[in-house]
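Chemist: Test case, fold it:
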Amino acid sequence: MIKQAIGNTGLNVTSLCFGTSCLGNMPDTYGYQVDENRARDTLLTIFDSQVNFLDTSNNYGLGRSEERIGAAIQERGGLPEGFVLSGKLDRDLATGRFDASRVRQSIEESLTRLGLDSIPLLHLHDPEHARDLSEITADGGALDELLKLKEEGIAQAVGLAMGRIDIMMPILKDYPFDALISHNRYTVINRSAEQAFAWAHKQNIAILNAAPYAGGVLAKGSAEMPKVTYQPADDKTLAPIRDIEAICATHAIAPGALALQFSMQDPRLTSTIVGVSKPERVQQTLDWASAEIPQAAWDELHSLGYSSDDPEADRDYKPG
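Modeler: Okay, here's the model as predicted:
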């Protein structure tokens, strides 16, 4: 699998990255349970695959994602050689506090759970959900503390991972990030991250595009999962999904393959982050990444419209 550099940091990552939020067991978000054994088997399958890139966060599953990754790393005797772990600093979920001292608490919690001394790629996560953005952006705030972690060698590269593009853009322009993560905002049905991606690409910031399946519906199907970006969807909201499904049915291809390759074929994107919740999804993702898709299917896709609105504007955010 092709690897690309994260700026000038010395990190090189595959064009696929596996996300682990659902492996932390987040039924409020995904609608299903993932027990410890299933998460373990999935993680070990990832470590044995050709993908060298894994993404997690301090607050995924209230810490369970990191705990389960740490257990899998220990079972293997360490991360595979050349493997890149992407982690995230998070606000205090009880109070919303996200100042410099919270950054230090967050990284210590993560390193303890993971059983590591450092995290190769470390992002500041979801500042739009913090109690006070000024705690993050002020002199000596959370972002300055993130940069100190890089100076101290606790992180080799630093990034920004968040949803709302209107809040992301000023922050992105004011700090020397090596990477950014946007989720659900650059898919076959939505392009609201276009402005951020275009600017970041010009600045040589690595772009990591997460959730190409619009929260899972393009992978599982609108009949099985009638949700878009984790929210229950009516017929109007599901209409663009069903248009994609119709194109794929005509050409006998999986909607997940079309959605995944839409992201992976964009030359600006360093990697695409795909959540997996069981071992067989790992190989399915690799199969979809290499599936043959006829040009006619791409032509029909490009003839469809897409939204540039924030797909999570009305999302009822729950951390579990």
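Chemist: Now stretch 85-92: average pLDDT?
Modeler: On average, the pLDDT along stretch 85-92 is 98.
Chemist: remind me, longest helix of the protein?
Modeler: helix 235-251 (DSSP state H).
Chemist: Check the offset of it from the chain's centre.
Modeler: Taking the mean of its C-alpha atoms, helix 235-251 sits 24 Å from the chain's own mean (CA atoms, centre = their mean, to the nearest Å).
Chemist: Pull the number of nearby residues for Gly77.
Modeler: If you count neighbours by other CB atoms under 10 Å, Gly77 ends up with 7. Every C-beta, even on glycine, is put in place using the N, C-alpha and C of the backbone.
Chemist: quick one on the thing from earlier: buried residues in the longest helix of the chain?
Modeler: Thr237, Leu238, Pro240, Ile241, Asp243, Ile244, Glu245, Ile247, Cys248 (16 or more other CB atoms under 10 Å).
Chemist: ok, now stretch 304-316?
Modeler: Result for stretch 304-316 [16+ other CB under 10 Å]: buried residues Asp310, Pro311, Glu312.
Chemist: List just the nearest of those residues to Leu269.
Modeler: Nearest to Leu269, judged by CB to CB, of these is Pro311 at 17.9 Å.
Chemist: shouldn't Arg76 be in contact with Arg40?
Modeler: No. Taking contacts as CB atoms under 8 Å, Arg76 lies outside contact range of Arg40: 10.7 Å.
Chemist: In terms of neighbours, single out the busier of those two.
Modeler: Using other CB under 10 Å, the more surrounded residue of Arg76 and Arg40 is Arg40, with 17 against 14.
Chemist: Surely that one touches Ile73?
Modeler: No. Applying CB under 8 Å, one finds Arg40 not in contact with Ile73, separated by 11.1 Å.
Chemist: host element of Ala157?
Modeler: Assigned by DSSP states H and E, Ala157 belongs to strand 155-162.
Chemist: Which strands or helices does that strand pack on?
Modeler: strand 119-125, helix 142-151, helix 165-174, strand 179-183, strand 206-210 (3 or more CB pairs under 8 Å, 6 or more residues apart in numbering; DSSP states H and E).
Chemist: to the chain's geometric centre, what's the distance from that strand?
Modeler: Worked out by CA atoms, centre = their mean, strand 155-162 lies 12 Å from the chain centre.
Chemist: Direction included, what does it pair up with?
Modeler: Its sheet considered, strand 155-162 pairs with strand 119-125 (parallel), strand 179-183 (parallel) by DSSP bridges.
Chemist: what sits against the nearest residue to Glu245 once chain neighbours are set aside?
Modeler: Nearest residue to Glu245, sequence neighbours excluded (CB to CB, 6 or more residues apart in numbering): Pro255, at 5.4 Å. Contacts were defined as CB atoms under 8 Å, 6 or more residues apart in numbering; by that measure Pro255 touches Leu218, Ala219, Gly221, Ile241, Ile244, Glu245, Cys248.
Chemist: Show me which of those residues is closest to Lys202.
Modeler: Among the contacts of Pro255, and counting by CB to CB, the member closest to Lys202 is Leu218, at 28.9 Å.
Chemist: The closest one - how many residues pack around it?
Modeler: For Leu218, using other CB under 10 Å, the count is 28.
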